[in-house]
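K.L.:
Sequence plus the predicted model coming up.
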Amino acid sequence: MSDQNPEPKETKTLTEELEVAGNQAVERVKELVAQGNVRRLIIKNTEDDVLIEMPLTVGAVAGGAIVLAAPWLAALGAFAALVARVKIEIVREV
């Protein structure tokens, strides 16, 4: 009897980082979530301390993904009000 399980599909990820003003962070994160190919967002302060790490579901409908991210966005808004600049690390599936 042969095992006919298909080989797991290999996915590749790309990581990029951008720096934005704290008051622009929530809007920028909403834009990134709406793109749909973002797997994870990591929000850091300028000293690279992680403030929020946000895993996102692949294939989520843009509107649904933003609704699911709403608690994260509220927390991000609170952090962003306290800092001048934040770094957003974006992990995408390609």
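P.N.:
That came in fine, so what should we check first?

K.L.:
gap between stretch 78-94 and the chain center?
P.N.:
Counting by Cα atoms, centre = their mean, to the nearest Å, stretch 78-94 is centred 9 Å from the centre of its parent chain.

K.L.:
for stretch 74-87, same thing?
P.N.:
Distance, centroid of stretch 74-87 to centroid of chain: 15 Å (Cα atoms, centre = their mean).

K.L.:
what comes up buried for it?
P.N.:
Leu76, Phe79, Ala80, Val83, Val86, Lys87 (16 or more other Cβ atoms under 10 Å). (Each C-beta comes from the backbone N, C-alpha and C, glycine too.)

K.L.:
The fourth one: what's it in contact with?
P.N.:
Meaning Val83. Gly22, Asn45, Thr46, Leu51 (Cβ atoms under 8 Å, 6 or more residues apart in numbering).

K.L.:
Now secondary structure and neighbour count too, for the residues you listed, in TSV please.
P.N.:
Shown next, in TSV, are the contacts of Val83 (DSSP: H, G, I helix; E, B strand; the rest coil; neighbours: other Cβ atoms under 10 Å):
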residue	secondary structure	neighbour count
Gly22	helix	17
Asn45	coil	16
Thr46	coil	11
Leu51	strand	18
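
K.L.:
Report the next helix or strand after the lowest-mean-pLDDT helix or strand in the chain in sequence order.
P.N.:
Using mean pLDDT, DSSP states H and E, helix 62-68 stands out as the lowest-scoring helix or strand of the chain, at a mean of 52. Once the chain leaves helix 62-68, the next helix or strand it forms, by DSSP states H and E, is helix 70-82.

K.L.:
angle of the helix or strand that comes right after that following helix against helix 70-82?
P.N.:
Of the helices and strands lying after helix 70-82 in sequence (DSSP H and E), the nearest is strand 85-93. Counting by axes from the mean of the first three to the mean of the last three Cα atoms, to 10 degrees, strand 85-93 points 150 degrees away from the direction of helix 70-82.

K.L.:
which neighbours does strand 85-93 have in its sheet, and in what orientation?
P.N.:
strand 13-21 (antiparallel), strand 38-44 (antiparallel) (DSSP bridges).
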